[in-house]
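A.B. asks: Any chance you can model this:
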Amino acid sequence: MKDLSKGNPLKVILQFALPLYIGQLFQLCYGVIDTRVVGSVLGETALAAVGATTALSDLLIEFLNGIICGFGIVIATYFGAKEEKQMKKAIGGTIVIGVLFTTIISVGCLLFLPQILGILNVAPELTQDATAYIQTIIAGLVITALYNIGAVVLRSIGDSFTPLIFLVISNVLNVVLDYSFVMYAGMGTRGAALATVLSQAVSALLCFIVICKKYPSLKLKKEDIQPQGEMYKQLIPKGLSMGFMLSFVMLGSLALQTSINTFGTNTIVAHTAARKITIIFLTPFFVLGTALATYCGQNLGAKEYERIKQGMKSSVLISFAWCIVVVLLIFAFASIFIRFVTGSSEEEIVRTATMYLRINASLYFLPAMICIFRNSMQGFGDTKTPLVSSFIELAGKVLIAWFLTPVIGYWGIIVSEPIVWAVMIIPLFIGLYKGNWFMKG
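C.D. replies: Below you'll find the model as predicted:
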């Protein structure tokens with residue numbers, strides 16, 4: 001266990017965030033490997049089918065992950081306050097509510113999947129492969145949720161290294177299963193999805209084994225699992241706030257995907273590749289945000305308010321330095337990255353994806369601040385302002401999908417995120433200034 005309310009703020013944040021960052025890279029490798037294997041083995045049509053449903057799978061996974069991360073803030077706050085009994089009740093509630101929410105959402109999506117694919121404008125020639133892939137991902141959401149629960153519990157008590165080890169193991173397994181199922185067993189896009197789900201099952205199992213063996217003080221009793229009205233009143237609002245915050249982001253991307261799916265196979269493949277690369281480069285911002293949610297939660301419990309300010313300021317400076325590195329890399333090597341991810345040398349694909357990457361990368365300092373501010377605010381108790389900011393992102397992307405892309409085509413997709421980034425950061429600055437958390441003191 002590691003107490004993040006002690007020591008140099010920047011040092012403890014980086015020590016906590018580094019394993020998270022490496023772990024996120026391995027997590028992203030699931031999607032990148034799927035993309036590479038599907039594109040090189042099954043061809044561009046199958047890759048477009050996977051890409052056509054990526055926004056849907058991202059939406060579901062991020063919403064559920066957000067709920068569980070919100071629960072983790074409650075766990076971290078009790079850990080920082082040294083209230084072990086309440087912390088164990090929070091862990092028990094996280095398991096019960098997390099599994100229940102995930103099951104309900106999975107069943108609902110599977111029942112209405114044909115209608116959902118219709119809303120996404122998935123082309124008829126892509127429907128079979130797209131259905132096979134997304135069905136498997138949705139059916140495995142409970143496994144994904146269980147891993148996230150185990151990882152969140154460990155991170156809430158300051159252990160970000162153990163989940164990393166398990167992700168490395170499962171990522172290696174994912175590579176083996178991807179090629180086994182897709183190339184040798186001939187399972188198509190369903191095989192790529194199944195490889196991901198089974199690999200995450202291994203991570204989930206290992207997380208819970210370690211929680212039981214390494215941290216016996218976290219071993220739950222029957223009363224910790226039973227419904228706890230007062231505890232649920234803390235967990236559910238915090239979880240839903242974080243879940244909706246992330247799902248608004250993904251719903252906006254889903255709205256854009258409905259437009260992207262009308263532009264043809266080459267554009268879908270180009271956008272899929274560009275987004276995979278974008279997420280890799282944005283991962284440090286996501287990780288700093290995740291680390292700060294736990295950091296702020298523990299320091300809130302310990303009443304160390306000045307440390308919260310110091311941690312946020314240091315994280316912004318570090319993220320700006322990363323922005324400079326990313327811009328240089330993308331302007332120099334974008335086409336190489338795209339060819340590697342897609343396995344394609346089609347010039348239209350490379351040109352379209354390169355254009356998207358270069359324009360967006362130039363403004364990455366905006367999502368850097370957004371990730372840091374939104375998650376920090378969730379950690380120290382402001383659940384409303386991050387939701388307002390995220391809703392602006394959703395509304396902006398929906399409006400662009402409906403009104404701008406029909407006029408200027410894929411250029412509407414390219415400029416959509418820079419536009420909404422610039423607007424959605426405004427309420428965050430206002431909230432921080434009014435709360436005296438960052439701009440003052």
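
A.B. asks: any weak-confidence spans in the chain?
C.D. replies: 1, 27-34, 436-441 (pLDDT under 70).

A.B. asks: residues touching residue 124, list them.
C.D. replies: Residues counted as contacts of residue 124 (C-beta atoms under 8 Å, 6 or more residues apart in numbering): none. The way it works is simple: take the backbone N, C-alpha and C, and place the C-beta from them, glycine included.

A.B. asks: And it, how close does it get to residue 57?
C.D. replies: 20 Å (C-beta to C-beta, to the nearest Å).

A.B. asks: With residue 139 instead?
C.D. replies: Residue 139 sits 12 Å away from residue 57 when distances are taken as C-beta to C-beta.

A.B. asks: between those two, who's got more neighbours?
C.D. replies: residue 57 (22 against 16; other C-beta atoms under 10 Å).

A.B. asks: Surely the more buried one is in contact with residue 137?
C.D. replies: Yes: using C-beta atoms under 8 Å, residue 57 makes contact with residue 137 at a distance of 4.8 Å.

A.B. asks: which non-adjacent residue is nearest the residue nearest the centre of the chain?
C.D. replies: Centroid-nearest residue in the chain, with C-alpha atoms, centre = their mean: residue 62, separated by 5.1 Å. Here the nearest residue to residue 62 in space, its sequence neighbours aside, is residue 246; by C-beta to C-beta, 6 or more residues apart in numbering that works out to 4.3 Å.

A.B. asks: ok, the residue lying closest to residue 252 once chain neighbours are set aside - how many residues close by?
C.D. replies: Distances taken as C-beta to C-beta, 6+ apart place residue 397 nearest to residue 252, at 3.3 Å, with adjacent residues excluded. Using other C-beta under 10 Å, residue 397 is surrounded by 25 other residues.

A.B. asks: Name the residues of the helix or strand encompassing residue 397 that are buried.
C.D. replies: Take DSSP states H and E as the rule and residue 397 turns out to sit in helix 384-399. For helix 384-399, burial by neighbour count (16 or more other C-beta atoms under 10 Å) applies to 385-398.

A.B. asks: Out of those residues, the closest to residue 353 would be?
C.D. replies: residue 397 (19.2 Å; C-beta to C-beta).

A.B. asks: which strands and helices sit next to the helix or strand hosting residue 200?
C.D. replies: Using DSSP H and E, residue 200 sits within helix 188-214. With contacts taken as 3 or more C-beta pairs under 8 Å, 6 or more residues apart in numbering; DSSP states H and E, helix 188-214 sits against helix 9-37, helix 44-52, helix 124-139, helix 141-156, helix 161-178.

A.B. asks: run the last query once more with 6 Å
C.D. replies: Packing partners of helix 188-214 (3 or more C-beta pairs under 6 Å, 6 or more residues apart in numbering; DSSP states H and E): helix 124-139, helix 141-156, helix 161-178.

A.B. asks: buried ones in that helix?
C.D. replies: Those would be 188-208, 210-211, for helix 188-214 by 16+ other C-beta under 10 Å.

A.B. asks: same thing with stretch 359-376?
C.D. replies: 360-361, 363-376.

A.B. asks: Residue 258 versus residue 404, what's the distance?
C.D. replies: The gap separating residue 404 from residue 258 is 13 Å, by C-beta to C-beta.

A.B. asks: wait, doesn't the residue nearest to residue 252 sit right on residue 257?
C.D. replies: No: Residue 397 lies out of contact with residue 257 (C-beta atoms under 6 Å); the separation is 9.8 Å.

A.B. asks: and residue 263, helix, strand or coil?
C.D. replies: With DSSP: H, G, I helix; E, B strand; the rest coil as the basis, the three-state label of residue 263 is coil.

A.B. asks: Please disregard the earlier target; I meant residue 5.
C.D. replies: Judged by three-state DSSP, the three-state class of residue 5 is coil.

A.B. asks: residue contacts, it?
C.D. replies: 80, 298-299, 302, 304 (C-beta atoms under 6 Å, 6 or more residues apart in numbering).

A.B. asks: Most neighbours of all the residues you listed, which one?
C.D. replies: residue 298 (31 neighbours).

A.B. asks: Could you say which helix or strand holds it?
C.D. replies: Using DSSP H and E, residue 298 falls in helix 265-301.

A.B. asks: and among the helices and strands packed on helix 188-214, the most buried is which?
C.D. replies: Burial of those is given as mean neighbour count (mean count of other C-beta atoms under 10 Å); helix 141-156 ranks first at a mean of 25.

A.B. asks: Next, the angle helix 124-139 makes with that helix.
C.D. replies: Angle of helix 141-156 versus helix 124-139, following axes from the mean of the first three to the mean of the last three C-alpha atoms, to 10 degrees, is 50 degrees.

A.B. asks: other SSEs contacting helix 141-156?
C.D. replies: Contacts defined by 3+ C-beta pairs under 6 Å, 6+ apart place helix 141-156 against helix 54-80, helix 84-111, helix 161-178, helix 188-214.
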